[in-house]
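1. Sequence and predicted model, in that order:
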Number of protein chains: 2
Amino acid sequence: MKQSRLFTKTRKEAPRDEEAKNAQLLIRAGFVHKEMAGVYVFLPLGVRVLKKIEAIIREEMEGLHILPVQSSLLQKKEVWEKTRWSDEEVDNWFKTTLKNGTPLGLAFSHEEPLTAMMKNYIQSYKDLPTAVYDFRTILRNEKRAKSGLMRGREFFWKAAYSFSRDEEEHQIFYEQMKDAYKRIFQKLGLGAITYLTFASGGSFSRYSHEFQTLSDAGEDIIYLDEEQGIAVNQEVFRDDVLKDLGLKKEHLVEKKAIEVGNIFSLAEKFSQPLDLSFQDAEGKRHYVYMGSYGIGITRLIGTIAEVLSDEKGLVWPESIAPFRVHLLVFGQNENLFREAENLYHDLKNAGIEVLFDDRDLGPGQKLQDADLIGIPYRLVVSEKAAANGGIELLKRKSGDLDYLAPDRVISYLANEKES
Amino acid sequence: MKQSRLFTKTRKEAPRDEEAKNAQLLIRAGFVHKEMAGVYVFLPLGVRVLKKIEAIIREEMEGLHILPVQSSLLQKKEVWEKTRWSDEEVDNWFKTTLKNGTPLGLAFSHEEPLTAMMKNYIQSYKDLPTAVYDFRTILRNEKRAKSGLMRGREFFWKAAYSFSRDEEEHQIFYEQMKDAYKRIFQKLGLGAITYLTFASGGSFSRYSHEFQTLSDAGEDIIYLDEEQGIAVNQEVFRDDVLKDLGLKKEHLVEKKAIEVGNIFSLAEKFSQPLDLSFQDAEGKRHYVYMGSYGIGITRLIGTIAEVLSDEKGLVWPESIAPFRVHLLVFGQNENLFREAENLYHDLKNAGIEVLFDDRDLGPGQKLQDADLIGIPYRLVVSEKAAANGGIELLKRKSGDLDYLAPDRVISYLANEKES
């Protein structure tokens, strides 16, 4: 698209009340607008990133035959009362009230309503296993919301819930999901610094698993075995756990990290109180064995802004960048502008997503904006570039600079894989 | 996909408390689950319809260079207080409270917060015109919610807001949007029974425009000039309005209808109190001239269920059907089953979306389910069909029945356009 059509503008300064680096960068670059502490509006560039992350996750969910649902934000007291409804049980509920005075919950999660819903569809062992996933806005009444997009009062996530006959069947799915999560973080460009981390499994299973991305901005402490590539969360950093996992204390390094995903074996924690059961082949009833699997998408964007940025601005991985190419033209020289216009159309026709900075601004401002926005490939059409043999190509991540003949640009980009 | 993987099941009866035909059908066919009055969870088949409608609308928005945002559900009192915050001013607010006692609104619309947000991006006449659109969940605290998906307490909509320099510039965009809306309803299969309807423009413009779909289940009354293809809403059914529009009372028919979309000229209604202004080329300041444009997507699905169904069930238009083809196999004869499996894979490979009823159920149940679910093309692999020359093809809408040689099915469907 043409940047002159993009209403957002970069800002030199983030709002004064914004403490988190991730939100500062994303606001300055025009990806999000801060509505209030912990609540961000996604702007056009931000929506593009959101949609790309959603597509990566969706592909992995569909690959495991998990089915999409769109669950509700308004939630019934009657359902939640069976497990956790009061503010003592859940410390971050937002609640509201119907006109007739009936109290309602605003979704902070969906274990209970989806468990209750599945009673309509699961009766026999033949109905199992099955699983559903959901992309949706979630509300959590956090007392403090100072970490930008990493801990929102309103955020966007993917949640999945699995329903199995027993622990054995569950375990097969759980391992598949673990692998899917690894692939997701790999595709998002976080693979090298994201570790499978053992955490508390609650009262129902030995462990749950978190995916923790190393970052000094992280709110979590993990103990990482760099050689084995696994970690334990602070809450289970105990001798018996280390022994059980075959980890040696002296090999572990303490690190700050951001929890970007988690997977839980729920066992019968929700199916029992909400009475979600099935009949086996012999006519005996059993509670359904459940699991839950979350990824906070807005938190992911915050994490990427936090860990994949430099002093100049954001550095998007190609897989989720709002555009693949940022095309800049310097000056208003008619021939140069026409060349840039032609290149813009050629790129679009070749199916390459391109943001074309056609604005009437000086080179300095355009370069600064491009650095801040962080699109992987920058093409510059300018007199200097022409003198150097054509179009200037800069890779945002490595800083590698090259000059390409105009007719080589498309084939170069078509063959280029992210290093 | 294989129907054996689809956890939803059809139901003979809707829940006893469900009065609306649209919700009864959608629940019975497994598209939605009723969470509470006015609140529905979308199930896998329903999500597929939702996504297709979203794609049709998105294409039209992008065609007009409208940019996507994802606005927030949590809303600030300070912003809304300038226009309408109290329950007297807005009779269907849901509200909630932060832990520190700060009251928040839950979005029933976004005029105010988006107007306030745009103050960051609109300063000069060079920043105009621009427009944004948003797909999101909206909450409205309706006293009664008995119309199924047609009036939800929680629903999914597309809203768009335009920002122009003056009425003249606004009017150009408004007309483009009007045309886009007409194309949208055409693509959704509602074109023939959906009419541009003149409604009150409030205190700021002469008229607003609604798109009204004829239905006995409608909550609105319109007066339709069938020849000219336009209507007036009950609220402006007055002699002076008819004269202004060149309509003759004796040519108008009173009809019940469902409002599936609306477009408003807001003029300075929100830009003035929220102080969204710009500087013109001469340095003079003006308030931005705004418009708003809504389509309730869940209401649309309810409307389509209401008006495009028959006594057997739903009848989806091809453009938004959850699948294009419903493939049924009768009996467990190994050869027939293999033939159906092969056809299923051939259809998928040809890029034709197909739901394959591979369940171990009798023909009667499968046919009944297929009628209820309402997929446009039904293919039956059975001994009877084989005896008649191959595969049975039934068109859900017309009821036309045909037999095709197995090797002709793909090419037939590839060339077939919805009648």
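-> Great, that's in hand.

2. just the residues of the stretch 151-300 of chain A that are near chain B, which are they?
-> Within the stretch 151-300 of chain A, the positions near chain B by C-beta under 8 Å from any C-beta of the partner chain are A:Arg153, A:Glu154, A:Phe156. In this view, the C-beta of every residue, glycine as well, is placed from N, C-alpha and C.

3. ok, so of those, who is nearest chain B?
-> Checking those against chain B with C-beta to the nearest C-beta, the nearest one is A:Glu154 at 5.1 Å.

4. my guess is that closest one meets B:Leu74, correct?
-> Yes - counting by C-beta atoms under 8 Å, B:Leu74 is a contact partner of A:Glu154 at 5.1 Å.

5. Please identify every residue contacting each of those two.
-> Taking C-beta atoms under 8 Å, 6 or more residues apart in numbering or on different chains as the criterion, A:Glu154 and B:Leu74 both touch A:Val39, A:Leu139.

6. and A:Gly402, which of the three is it?
-> Small correction: residue A:402 is Asp, not Gly. Using DSSP: H, G, I helix; E, B strand; the rest coil, the structure places A:Asp402 in strand.

7. Contacts only, for it.
-> Applying C-beta under 8 Å, 6+ apart to A:Asp402 gives the contacts A:Glu392, A:Leu393, A:Leu394.

8. Kindly state the beta-bridge partners for the second one.
-> Applying DSSP bridges to A:Leu393 yields these beta-bridge partners: A:Leu379, A:Asp402.

9. on that earlier part again, please flag which of the residues of the stretch 151-300 of chain A next to chain B sit within strands.
-> Among these, the members falling in strands (DSSP state E) are A:Glu154, A:Phe156.

10. all strands of the stretch 301-419 of chain A, in order?
-> With strands called from DSSP state E, counting those that start in this stretch, the stretch 301-419 of chain A shows them at A:309-310, A:313-314, A:325-329, A:354-357, A:377-381, A:391-395, A:401-404.

11. Quick one: these as a markdown table, columns for mean pLDDT too.
-> Formatted as a markdown table, those follow (pLDDT from 0 to 100):
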| stretch | mean pLDDT |
| --- | --- |
| strand A:309-310 | 97 |
| strand A:313-314 | 98 |
| strand A:325-329 | 98 |
| strand A:354-357 | 98 |
| strand A:377-381 | 98 |
| strand A:391-395 | 97 |
| strand A:401-404 | 95 |
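
12. Just put those in CSV and tack on distance to B:Lys255.
-> Output for these, formatted as CSV (distance: least, C-beta to C-beta, whole Å):
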stretch, distance to B:Lys255
strand A:309-310, 58
strand A:313-314, 54
strand A:325-329, 52
strand A:354-357, 48
strand A:377-381, 56
strand A:391-395, 60
strand A:401-404, 63
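
13. Nearest to B:Glu210, out of those strands?
-> Checking the strands of the stretch 301-419 of chain A against B:Glu210 by C-beta to C-beta gives strand A:354-357 as the closest, at 36.9 Å.

14. So which elements touch the closest one?
-> Here strand A:354-357 touches strand A:325-329, helix A:334-349, helix A:363-373, going by 3 or more C-beta pairs under 8 Å, 6 or more residues apart in numbering or on different chains; DSSP states H and E.

15. Tell me which of those sits most buried.
-> Of all the helices and strands packed on strand A:354-357, strand A:325-329 has the most neighbours on average by mean count of other C-beta atoms under 10 Å in any protein chain shown, namely a mean of 25.

16. ok, that strand: who's next to it in the sheet?
-> Looking at strand A:325-329 with DSSP bridges, its partner strands are strand A:354-357 (parallel), strand A:377-381 (parallel).

17. Could I have the CA atoms of the shortest one written out in PDB?
-> Presented in PDB, the C-alpha positions along strand A:354-357 are these (Å, rounded to 0.1, in the frame of the first residue of the first chain):
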ATOM      1  CA  VAL A 354       5.100  -3.700  -0.200                       C
ATOM      2  CA  LEU A 355       4.600  -0.500   1.700                       C
ATOM      3  CA  PHE A 356       5.600   2.400  -0.700                       C
ATOM      4  CA  ASP A 357       6.700   5.600   1.100                       C
END
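
18. what's that strand in contact with?
-> Residues outside strand A:354-357 that contact it (C-beta under 8 Å, 6+ apart): A:1-3, A:6, A:322-329, A:340, A:344, A:347-348, A:366, A:369-370, A:373, A:375.

19. ok now it, how far from the chain's centre?
-> Chain-centre distance of strand A:354-357: 25 Å, with C-alpha atoms, centre = their mean, to the nearest Å.

20. Please list all residues in contact with whichever residue of the stretch 201-350 of chain A sits closest to chain B.
-> The minimum distance from the stretch 201-350 of chain A to chain B, using C-beta to the nearest C-beta, falls at A:Thr298 (9.5 Å). By C-beta under 8 Å, 6+ apart, the contact list for A:Thr298 reads A:Tyr40, A:Leu50, A:Leu149, A:Gly152, A:Phe155, A:Phe156, A:Trp157.

21. thought A:Val39 was touching B:Gln70?
-> No - assessed by C-beta under 8 Å, A:Val39 is found out of contact with B:Gln70, at 11.5 Å.

22. just the helices in the stretch 201-350 of chain A please.
-> For the stretch 201-350 of chain A, the helices defined by DSSP state H, counting those that start in this stretch cover A:239-245, A:297-307, A:334-349.

23. Could you export the second one as CSV, CA atoms only?
-> The C-alpha coordinates for helix A:297-307 follow below in CSV (Å, rounded to 0.1, in the frame of the first residue of the first chain):
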residue,chain,number,x,y,z
ILE,A,297,-1.2,-13.2,20.7
THR,A,298,-1.0,-9.6,21.9
ARG,A,299,1.6,-10.6,24.4
LEU,A,300,3.6,-12.3,21.6
ILE,A,301,3.6,-9.1,19.7
GLY,A,302,4.8,-7.3,22.8
THR,A,303,7.5,-10.0,23.3
ILE,A,304,8.7,-9.7,19.7
ALA,A,305,8.8,-5.9,20.0
GLU,A,306,10.8,-6.3,23.2
VAL,A,307,13.4,-8.9,22.1
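
24. Pull out the buried positions in that helix.
-> A:Ile297, A:Thr298, A:Arg299, A:Leu300, A:Ile301, A:Gly302, A:Thr303, A:Ile304, A:Ala305, A:Glu306, A:Val307 (16 or more other C-beta atoms under 10 Å in any protein chain shown).

25. Same list, those, but as CSV with pLDDT please.
-> What follows is those, written out as CSV (pLDDT from 0 to 100):
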residue, pLDDT
A:Ile297, 97
A:Thr298, 97
A:Arg299, 97
A:Leu300, 97
A:Ile301, 98
A:Gly302, 97
A:Thr303, 97
A:Ile304, 97
A:Ala305, 98
A:Glu306, 96
A:Val307, 97
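
26. Save those residues as TSV, and put in distance to B:Glu169 too.
-> As requested, these are exported to TSV (distance: C-beta to C-beta, whole Å):
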residue	distance to B:Glu169
A:Ile297	36
A:Thr298	35
A:Arg299	40
A:Leu300	39
A:Ile301	34
A:Gly302	38
A:Thr303	41
A:Ile304	38
A:Ala305	36
A:Glu306	41
A:Val307	44
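
27. And A:Asp83, how far from A:Ser109?
-> To be clear, residue A:83 is Thr; Asp isn't right here. Remark: distance between A:Thr83 and A:Ser109 (C-beta to C-beta, to the nearest Å) = 11 Å.
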